[in-house]
Every structure is written in C-alpha cells, then in structure tokens.
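In: kindly return the folded structure for what I paste below:
(2 chains)
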There are 2 protein chains.
Amino acid sequence: MSDLMREAASLDAADPLRSVRDRFVLDDAVYLDGNSLGALPAGVPGRVADVVEREWGRLRIRSWGESGWWTAPERIGDRIAPLVGAAPGQIVVGDSTSVNVFKAVVAAVRMSGGRDEVLVDGTTFPTDGYIAESAARMTGATLRAVPPSEIASAAGPRTAAALVNHVDYKTGRLNDLPSITAALHSAGALAVWDLCHSAGALPVGLDSYGVDLAVGCTYKYLNGGPGAPAYVYIRKSLQSAFDSPLPGWNGHAEPFGMRASFEAADGAVRGRVGTPDILSMLALEAALEVWDGVEIAAVRAKSLALTDFFLRCVSAFVPAGVVSSLTPFEHAERGSQVALRCADAGKVMAELIGRGVIGDFREPDVLRFGFTPLYTSFEDACTAARVLGSVLGQEGFR
Amino acid sequence: MSDLMREAASLDAADPLRSVRDRFVLDDAVYLDGNSLGALPAGVPGRVADVVEREWGRLRIRSWGESGWWTAPERIGDRIAPLVGAAPGQIVVGDSTSVNVFKAVVAAVRMSGGRDEVLVDGTTFPTDGYIAESAARMTGATLRAVPPSEIASAAGPRTAAALVNHVDYKTGRLNDLPSITAALHSAGALAVWDLCHSAGALPVGLDSYGVDLAVGCTYKYLNGGPGAPAYVYIRKSLQSAFDSPLPGWNGHAEPFGMRASFEAADGAVRGRVGTPDILSMLALEAALEVWDGVEIAAVRAKSLALTDFFLRCVSAFVPAGVVSSLTPFEHAERGSQVALRCADAGKVMAELIGRGVIGDFREPDVLRFGFTPLYTSFEDACTAARVLGSVLGQEGFR
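Out: Purely as a prediction, here's the structure:
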C-alpha cells in the first residue's frame, strides 16, 4: 500500500501539469466528479463579481457593446475551438446541450438532400435520444438507435446523419471518431458528435477528421460552472447550408435591423438563438483561462496515466471480484473516467462521499470516477482506491 | 420649469413605492432603459458570490440537491407567478424567450386537434415572428401576420393559436389581453402571450383571463440581469396535453432514471429542457426579492403616473411639433414606456446618454424611455424631459 502512495508522490512530482492544480479552488476532498461538474477555477469569483457589480450594476445597458457582451458567444466559441481541434469561426456558445442537439440534428437532416433516417448512438446519454427523436419527428425522418460500434455499418443510402457520443457517459468508453466519421461520409451521411465527455479531456480533432456538426457542454472538463452554456460546432463548409430550427434574432444577419423576415447571419453565428445568459457565459470565459499554456496532448497523457494508475490501485486495494470495470483497458477506447460495477453501488458511493471521496452513482450499479487532468493528482487516485477498498471491506458491503 | 420640478419632488414624497428604490444599485444617471436591462438589485452581488464561492466552489456537485439547484426552474417560476397573475405550478424558468416561443407555439399547434394556421402579431418583436415561422413550418401549419387589433377578428376555424405581444416593444402599446384571449377562445384557438414588456410593469392576469400559454424574459422589469433565463407558462388544464418539441432530460418524469424513451413529467416541469444556467438562474432568484411586499397594482398606478407626468414634462420642455408620441395616451392602451418619434433620433439618443439620460434608440426614428416603477422617480422623469428639451433646442437638432 505505501508503495503505491510513494509511487503516486513521485508521479505527482514529475507531472508537467502539476502547477495547473493551483489555478483551481480545491480542498481536502478527493474530487472525482469533474466529469459531472468541474471544480471552480480560482479566477472566476473575481471576474463574476466584476460582471455583476461594474458591467451590469454601473455600465448597465452599455455593456452589451462596451463590455463585449454581444459578441461573447462567438468569442468564447473561438476560445474553446483549439481544445477540440477546430479553427476559429466554427463554434458558438449558448443554450443547453439538448437545444444544440436539436439545432444540429434538424439542420443535418435538412442538409441531406431528402434522406430520411437519423441514427443515434443506442447507449447515448438519454437526452440526446429524446431530442433526436423529436428532431426526426419534426423533419419527417425515422430515428434508429444502434450501438456505436455498429453505426459505421448501419449507415445507408437513407441515412441523413448519425448522432454519436465521443465518450459514453456511463462506461467512459471512447468511441472511434475518425473511423465512424469516415464511414458515415462514405455512406453520404453527416457525422454529428456529442463531445460532453471528451472536450477538455482528450484531443478531438474536429477539423482534422472532417466532423460535420458537434455539440458539447462546458461544465464538465471545461469547468465552466453549473449549467454553463453549451456550444455547437458547424464545419465551415456547411455553414451556408445550416438551416436552424431555432432562427432567433441573435442569429440574424442584422439583429438590430428588426426586419420582418429572418435572414441568417454568415458563419457559425447563425447557430445563435436568443439573448444569452451573460453571467454564466462570462463565468465560462474566465474559467477557460486555466487552459493558458496547456496542451491537450499533455492532458490526454496525464488522463491515461491517472486512469491506468487508479485501476492498478483498485486491483491492489479492492478484493478480487468485488468490482469490475466497465471502462475499457485499451487506451484507444478509454475516455477520462473509470466506471466500476459493484453491488449496492448507491450505498457504496454515499459512504465514499461521507469519507471525502466524491464520485457519483449511476443506475443501476455503477460507480463513476472522473479524472480531470488539470487538477486531479495521482495521490487523489490512490486515496480514492484505498478508501474504496476500505468501504468495500467493511461489514454490510460484502 | 421649476414648477414641474417642485411637482416631481412632491410626487416622489408621496410615492408609496419610494423606499423600494433603495433596493437597487443606482447612481446619478437617469436610467430609463429598464425596459431593456433592469438595474442591479442590491442583494444580487452577495448572493451570486455565495453561489460561486460556496455552492459551486465548496459544495460542488452536492449543490444540485443540497443547494436546491435542481428545483430552481420551478421554484423561481412560482416566485414569478404572482407577478403575472398565475397560481403556482404553471411556470418554469429556463432557456431564452425565443426557445420558449418555439416550445409554446409548437405545443399549441399540437393541441389544436388538426388546425393548421398560426397567427402572429404583425408588429411583434422580430424574433417571435421568426420562431413562430419555424414552429409553423415544422408542424405543417401556415403563419399569418396580422396587426394585433385584427387578431380577434382574424381567428377562424383553421386557427390553432395566436402569438401576441402584451406590450409592443417599440411603441409601448398595451394590447387588450382579456378581449383578444376571449375572441381566440371563441374561435376555438389558443392564446399565446409574450409578456416580455409587461411582466413586472403591470397586472397580467394570466389565470383570470384564461390565457393558455405565455412566455417572457426576466431581464427587463423583473431585473434578473443580462440574458437572465426566460420562462414559459402552461395553463394547468393544458399541461397534460403539452407536447414539447424540446423533450430534454430535465423535463422527464424520472430524469435520473436514464430511460431510453421520453416520458414527460407531470405539470409545468415538462417545459424544462436541458441543464439550466445556474448562475444566471440564481441571480434572478435573488433579484426577485425586491418584490417583497410590493403589489403589482401599486406598480401599475405609479407607472401610469410616471408616464403621464413624463409626457406632460415633454410638452413643457420640448418645442411643439419636434417630437410625437407613438405611445397611446389612453391608459388602457399604454405599457410602461414612452416612445417618441423624432428626427435624427439616433444622434439625439447618443447626446442624451452623454448627458446622463439613458434610454435607447430603435430604428428608424424612435427614442424609447422605459419607466420601472420600482426605481424610477418623478424627478427622473422630469429631468429626462428637461434634458431632452435642451438637446433638441441646440444647434444641429433643429
């Protein structure tokens, strides 16, 4: 046991991202739920206070121009872009992930030249399926749920688009974005990716792999705060054909022209809808400053090292056969979380939380542990496994 | 001139809402743009700091339960409800006004039993028209724009619903909600009202008049902050038939059940979509505390007194014929703003703002002055008219 703790200390000492941890507000808890809500970046409270007290309180309406509120959705989109491998001008921030899924799937069907089938990742976080179903219903298309591993072969001449999760929210499995995207393109279909569980945790390569549309939230590995606005990526070459089902005035070519009919703005800006939540939006912008000087490749390297190490520690501390990993051991198939199946998982997680190890529970039997390379240490990983072993070794959990 | 200033002082001294002004952060400017962005309530900065630093920063993920984040949309909806004449359980907060217009119009068509026409207020704030057009397109209905005064007579056997503004954003005209709603019902159509420019400024009476669906923003007379989330009202008796085009997981009967198919929650909660912007949401909740002990009837009385007085002051200070009011003189037809047409209105407003009188300009020739009874004084109204008279009297504006 102490060998692993010593190893953790030496891995932390050698971690090139070690100092980034100081950019966050942390405490004695081992916080492994950044895949649900990222920790608070230290620069956010001051920035939010300034937005509230000076920009809203004193400048008031003038801040739409003078404080850059109006252009925040596209400016912050450009700040996220390098983290997901996108050139500028293709991402706008605003609305929830669900609303952006609706925009993307409807627009994809409309761009498909009459195709009438939408495929959806059958293991998806449910809201994507619900919204894709609505998008299909409202465009006259049929929705078909298939496992992500079969999407490439399921796409056919009727397939307008497929909506796929880059990383599965429950198992932490990383789906093969390059090959699924290429297969969809071979079938003449568009690839719509949900990046909620990958953006900020690993390289995405939207432009490199020719992804067509993508959506993601910003409150997980991007640490934007509770319910921080989501985003939509619209590949440059598709922007002029992007026909939004939510053509709000913020996406108009001349928003203050107060024209009777809608004319979409050029570029990704046409993905905007109504007035964005400025407080949440600018908290996100401040949160993104923690990425200064951080390479996503280094993040990925640390993420894999963390999850590898955690799995080793779990093997060491937890009696064999008590838990099993839903998360693939292959690096190429692993996101940045570890999901363990275990009896009484709800009670086990409550006990872990009581002992200062914060993960979460997903029905029916899954313990989720998220590893955010910017602030999670190897010591955290070791401690979590040690406490898990201790909890599972006690009366009532055997 | 000094007579009017003396009268302003005595009206302010007798104002029963006078002390409510102290609940806001104000300065020497005469702020008459609360119909675009309400002033900062004094309790908001402290509350937002607590949400960021303690609830997000320290409790983190636990705040979804322990800090009441999850139930905020319906809790804050119930806080808004009495201001618009609604019993509890019919309003949920979240998303932008545009997104809520989409939900409401689509749901209205779906509830209409096969009717295929949507009427829209032809003078509407443009986004309502754009979104209603999209809702019509996606439900197979036809959109027809008619002036609000003709909506009652335009509704026929094909009319599923009409989307009407309670107060016109440009002219400040108050449309007759009770009679238009009754006429729509006589024609078998649903009444969908946009309350952006009336909620918090005058009594709405949603329940009393049998309004079916309504939407509104919260950053104008409700002072919720820039881009604060909007809301949708779903009349109790229609809730079980409300079939949202945006069936996100937050509106599911069992959101953490992670079910493959969507089953709408009971009640207005089914109007929720994705994860709400918590910072903006809770800033709004804190902002609504300024309403403690305030009766909307008193707000309306002061609003009319303020706009009456402002119009008298304009007559006194501005040479005859230089401006004309687009806002009706009849109280029954007036919201809480005064819109004046004037040559070179853009330049005139810039000059007013330079002299500390903050209103706004709307194309092509409109000066808008919003009167928020909670914090606007009669002295503000008099000063604004005096400065306007002075600006319009100078070289270059005659």
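In: stretch A:326-333 and chain B, any residue contact?
Out: No. Stretch A:326-333 lies out of reach of chain B by Cβ under 8 Å from any Cβ of the partner chain, never closer than 14.1 Å. Glycine gets a C-beta too; all of them are placed from N, C-alpha and C.
In: so what's the model's average confidence on that stretch?
Out: Mean pLDDT, stretch A:326-333: 96.
In: just stretch A:290-303 next, same as before
Out: On average, stretch A:290-303 scores 98.
In: is it positioned near chain B?
Out: No. If you take Cβ under 8 Å from any Cβ as the test, stretch A:290-303 misses chain B, and the best it gets is 14.0 Å.
In: residues contacting that stretch, please?
Out: Stretch A:290-303 has contacts (Cβ atoms under 8 Å, 6 or more residues apart in numbering or on different chains) with A:15-17, A:20, A:23-24, A:41, A:43, A:82-83, A:200-203, A:223, A:336, A:371, A:373-374.
In: and that stretch, what's buried?
Out: Neighbour counts over stretch A:290-303 (16 or more other Cβ atoms under 10 Å in any protein chain shown) mark A:290-291, A:294, A:296, A:299-303 as buried.
In: which ones among those residues lie within helices?
Out: Using DSSP state H, the subset of the buried residues of stretch A:290-303 located in helices is A:296, A:299-303.
In: from the middle of its chain, how far away would whatever helix or strand residue A:80 lives in be?
Out: Using DSSP states H and E, residue A:80 maps to helix A:72-80. Relative to the chain's own centre, helix A:72-80 is displaced by 16 Å; criterion: Cα atoms, centre = their mean, to the nearest Å.
In: mean confidence score for that helix?
Out: 98.
In: mind listing what's buried along that helix?
Out: For helix A:72-80, by 16+ other Cβ under 10 Å, it's A:72-74, A:76-80.
In: does the strand or helix carrying residue A:391 come close to chain B?
Out: Taking DSSP H and E as the definition, one finds residue A:391 inside helix A:378-393. No. Counting by Cβ under 8 Å from any Cβ, chain B has no neighbours in helix A:378-393; the shortest distance is 14.1 Å.
In: for that helix, name the packing helices and strands.
Out: helix A:2-14, strand A:30-31, helix A:296-317, helix A:345-354, strand A:357-358 (3 or more Cβ pairs under 8 Å, 6 or more residues apart in numbering or on different chains; DSSP states H and E).
In: out of the ones you listed, which is closest to residue B:241?
Out: helix A:345-354 (35.4 Å; Cβ to Cβ).
In: give me the contact list for the closest one.
Out: By Cβ under 8 Å, 6+ apart, helix A:345-354 touches A:342, A:358-361, A:364-367, A:384, A:387-388, A:391-392, A:396-397, B:62.
In: in PyMOL, select just the buried ones from those residues.
Out: Filtering these down to the buried ones (16+ other Cβ under 10 Å) takes a single PyMOL command:
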select buried, chain A and resi 342+358+359+360+361+365+366+367+384+387+388+391+392
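In: so which bits of the stretch 201-350 of chain A are right by chain B?
Out: So the stretch 201-350 of chain A meets chain B at A:217, A:219, A:225-230, A:244-250, A:252, A:256-262, A:273-281, A:283 (Cβ under 8 Å from any Cβ).
In: that older thread, show me what the helix holding residue A:80 is packed against.
Out: So helix A:72-80, by 3+ Cβ pairs under 8 Å, 6+ apart, packs with strand A:91-93, helix A:278-287.
In: and the residue nearest to residue A:259 when sequence neighbours are not counted, what are its phi and psi?
Out: Distances taken as Cβ to Cβ, 6 or more residues apart in numbering or on different chains place residue B:126 nearest to residue A:259, at 6.3 Å, with adjacent residues excluded. Taking degrees, to the nearest 10, you get phi -50, psi -40 for the backbone angles of residue B:126.
In: how about the helices in chain A?
Out: A:2-14, A:44-50, A:63-66, A:72-80, A:97-110, A:126-139, A:148-154, A:177-186, A:278-287, A:296-317, A:345-354, A:378-393.
In: just confirm yes or no for the second one near chain B.
Out: In this case it means helix A:44-50. Yes. Against chain B, helix A:44-50 shows contacts by Cβ under 8 Å from any Cβ at A:44-45, A:48-49.
In: likewise for the third one?
Out: Yes. Among the residues of helix A:63-66, A:63-64 lie within reach of chain B under Cβ under 8 Å from any Cβ.
In: which residues are contacting the lowest-mean-pLDDT helix or strand in chain A?
Out: Every helix and strand of chain A was ranked by mean pLDDT, DSSP states H and E. The lowest is strand A:360-362, at a mean of 93. Here strand A:360-362 makes contact (Cβ under 8 Å, 6+ apart) with A:33, A:36, A:169-170, A:339, A:345-346, A:348-350, A:367-368, B:61, B:258.
In: what lines up beside it in the sheet?
Out: strand A:366-370 (antiparallel) (DSSP bridges).
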